[in-house]
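A.B. asks: predicted model and sequence follow; I will ask about them next.
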Amino acid sequence: MNTTLKTSMVAVLAALGVVSAGSGYVSGDYVRSQDLRQERIASSPQFVDGKVVSNLPQVNAEEGMLKTMWKFFMQRDRYKPDSRLQYQAVDTGLLSESSKSLRVTWLGHSSLFVEVDKTRLLIDPVFEYAAPSLFSRWFERNVDAPVNRIELPVPDVILISHDHYDHLEESTARYYADKDVQFFVPLGVGSHLEKWGVKPSNIQEFDWWESQQVNSVTITSAPANHNSGRGLFDSNKTLWSSWAIQANAGSVFYSGDSAYGEHFKQIGERLGPFDVSFIEVAANVKNGKGYPVEGWGHMQAAHTMQAHLDVRAEKLFPVHWSTYELFLHRWDEPVNDLIAEAEQYQADLVTPLVGESLDFSQPIKTAYWWQDQGEFAEWIDYSQLAQVQR
């Protein structure tokens with residue numbers, strides 16, 4: 001699947017209703033913010049002539065663009081689960097007091113509520129569908145959102161990896177626009193937030209390797225290999241990032257969306273090791289047949305495992321699977337492929353239910369909940385298993 005194909009599909013989505021309406025309000029703060037943004041983009045090594053340099057792998061597609069788009073839009077049911085996926089309602093009482101230890105709640109897809117050192121971070125929050133509203137029918141959730149954003153404690157920071165619809169949700173940004181929360185975003189993404197009512201003073205934009213400390217937590221924007229854009233005319237005009245979060249009680253790496261590359265080793269050398277890596281996963285190509293997601297800036301399961309090893313993380317928590325169908329493979333194929341990779345490398349795999357909160361200061365118990373394990377399936381303590389295997 002090459003980059004041209006993805007651009008074409010994104011353009012189809014964009015052409016039919018995706019230009020976000022701005023607030024119509026312009027003040028001196030917004031003008032100064034835009035001027036500063038353009039100055040930083042002009043001096044950033046990631047941008048050339050106002051656009052981010054994308055180095056996506058070039059891969060050959062087995063099928064033509066029209067057939068692929070037909071399958072993507074018209075045959076999606078074959079990739080969906082047979083029924084709504086199970087989830088665990090978020091324990092908002094538990095979250096009402098911020099955690100000193102590293103505690104993570106998976107909200108589905110790539111959305112995470114992370115607490116560490118009494119600091120709350122909300123990563124790529126998406127609670128609804130993963131597309132422009134006109135296409136919501138194709139991109140509805142397979143699992144209910146385990147909590148309403150109104151019920152979550154207001155985070156100290158909202159981290160955004162890039163501006164695609166399944167990572168940056170306009171309605172959520174608008175909800176938090178008048179809250180006491182800072183948005184940490186890749187360079188250029190602040191322009192979207194300002195249109196949606198977020199004050200420039202509540203937005204910090206990062207180039208790669210730039211850091212900011214919040215309380216005792218250091219947050220660093222790190223490289224990724226992806227693309228960006230929400231409409232017909234803004235392709236790669238904003239940066240994409242992975243994120244490193246380092247605190248006294250633990251450290252995590254969040255990949256955002258990325259094709260595999262040498263940048264993961266650089267991240268491991270400069271910012272690792274990590275207690276947990278949250279890395280996107282898609283299905284492996286098997287016997288020369290399948291969907292080569294790297295051309296879209298994503299990773300097959302084998303790449304996910306290698307990235308986890310490269311960043312030097314202890315536990316691997318896969319994200320970007322099950323909640324939506326964004327690729328041409330069955331919804332659970334990515335994580336099933338990843339299980340085989342984890343067994344090969346004796347990796348400590350963490351696969352909670354959507355909505356479940358995990359305290360990483362305690363032994364982590366997890367299970368392959370999407371598989372038919374019977375009524376009395378036992379929880380598996382992968383932390384203990386990994387210790388025995390090592």
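C.D. replies: Looks like it came in fine.

A.B. asks: count the neighbours of residue 97 for me.
C.D. replies: Residue 97 is flanked by 10 other residues according to other Cβ atoms under 10 Å. Any C-beta I mention is one placed from the backbone N, CA and C, and that applies to glycine too.

A.B. asks: check residue 197 too.
C.D. replies: 15.

A.B. asks: shaky segments in the protein?
C.D. replies: Low-confidence segments of the chain (pLDDT under 70): 1-27, 61-65, 289-291, 372-390.

A.B. asks: one more time with 80, if that's ok
C.D. replies: Applying pLDDT under 80 to the chain flags residues 1-28, 60-76, 138, 287-291, 372-390.

A.B. asks: please enumerate the helices of it.
C.D. replies: Assigned by DSSP state H, the helices in the chain fall at 3-15, 28-43, 65-74, 92-95, 170-176, 190-195, 263-271, 301-311, 333-345, 382-389.

A.B. asks: of all these, which lies closest to residue 326?
C.D. replies: Among those, helix 65-74 comes nearest to residue 326, with 9.1 Å by Cβ to Cβ.

A.B. asks: picking that back up, would you list the helices of the chain in CSV and tack on mean neighbour count and distance to residue 208?
C.D. replies: Shown next, in CSV, are those (neighbours: other Cβ atoms under 10 Å; distance: least, Cβ to Cβ, whole Å):
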stretch, mean neighbour count, distance to residue 208
helix 3-15, 16, 21
helix 28-43, 13, 12
helix 65-74, 14, 31
helix 92-95, 13, 31
helix 170-176, 18, 22
helix 190-195, 22, 16
helix 263-271, 19, 9
helix 301-311, 24, 15
helix 333-345, 19, 26
helix 382-389, 14, 31
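
A.B. asks: can you redo those as JSON lines, where the extra columns are distance to residue 113?
C.D. replies: Converted to JSON lines, these look like this (distance: least, Cβ to Cβ, whole Å):
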{"stretch": "helix 3-15", "distance to residue 113": "28"}
{"stretch": "helix 28-43", "distance to residue 113": "28"}
{"stretch": "helix 65-74", "distance to residue 113": "30"}
{"stretch": "helix 92-95", "distance to residue 113": "7"}
{"stretch": "helix 170-176", "distance to residue 113": "12"}
{"stretch": "helix 190-195", "distance to residue 113": "19"}
{"stretch": "helix 263-271", "distance to residue 113": "22"}
{"stretch": "helix 301-311", "distance to residue 113": "21"}
{"stretch": "helix 333-345", "distance to residue 113": "21"}
{"stretch": "helix 382-389", "distance to residue 113": "21"}
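
A.B. asks: among the ones you listed, which comes closest to residue 122?
C.D. replies: Of the helices of the chain, nearest to residue 122 by Cβ to Cβ is helix 170-176, at 8.3 Å.

A.B. asks: how about the nearest residue to residue 98 once chain neighbours are set aside, what does it touch?
C.D. replies: Leaving out its chain neighbours, the residue that sits closest to residue 98 by Cβ to Cβ, 6 or more residues apart in numbering is residue 118, at 4.7 Å. Contacts for residue 118 (Cβ atoms under 8 Å, 6 or more residues apart in numbering) come out as 98, 99, 100, 215.

A.B. asks: compute the distance between residue 118 and residue 139, please.
C.D. replies: Distance, residue 118 to residue 139, using Cβ to Cβ, to the nearest Å: 36 Å.

A.B. asks: returning to that earlier point: drop anything exposed from the contacts of residue 118.
C.D. replies: The neighbour count (16 or more other Cβ atoms under 10 Å) marks residue 99 as buried among the contacts of residue 118.

A.B. asks: which of the contacts of residue 118 lies closest to residue 76?
C.D. replies: For these, the minimum distance to residue 76 (Cβ to Cβ) is 37.9 Å, reached by residue 99.

A.B. asks: which residue sits closest to that closest one, ignoring its sequence neighbours?
C.D. replies: Nearest one to residue 99, counting by Cβ to Cβ, 6+ apart, is residue 115 at 4.0 Å.

A.B. asks: and that neighbour, what does it touch?
C.D. replies: Applying Cβ under 8 Å, 6+ apart to residue 115 gives the contacts 95, 98, 99, 102, 103, 104, 121.

A.B. asks: beta partners of it?
C.D. replies: On the basis of DSSP bridges, residue 115 is bridged to residue 103, residue 120.

A.B. asks: what residues are up against residue 317?
C.D. replies: Per Cβ under 8 Å, 6+ apart, neighbours of residue 317: 104, 106, 276, 277, 278, 279, 350, 351, 352.

A.B. asks: please repeat the previous calculation with a cut-off of 7 Å.
C.D. replies: 276, 277, 278, 350 (Cβ atoms under 7 Å, 6 or more residues apart in numbering).

A.B. asks: in stretch 212-224, what's buried?
C.D. replies: Neighbour count says stretch 212-224 has 214, 217, 219, 220, 221, 222, 223, 224 buried, by 16+ other Cβ under 10 Å.

A.B. asks: contact partners of it?
C.D. replies: Residues contacting stretch 212-224 (Cβ under 7 Å, 6+ apart): 116-119, 156-157, 184, 186, 204, 206-211, 240-248, 255-258, 263, 266-267, 271.
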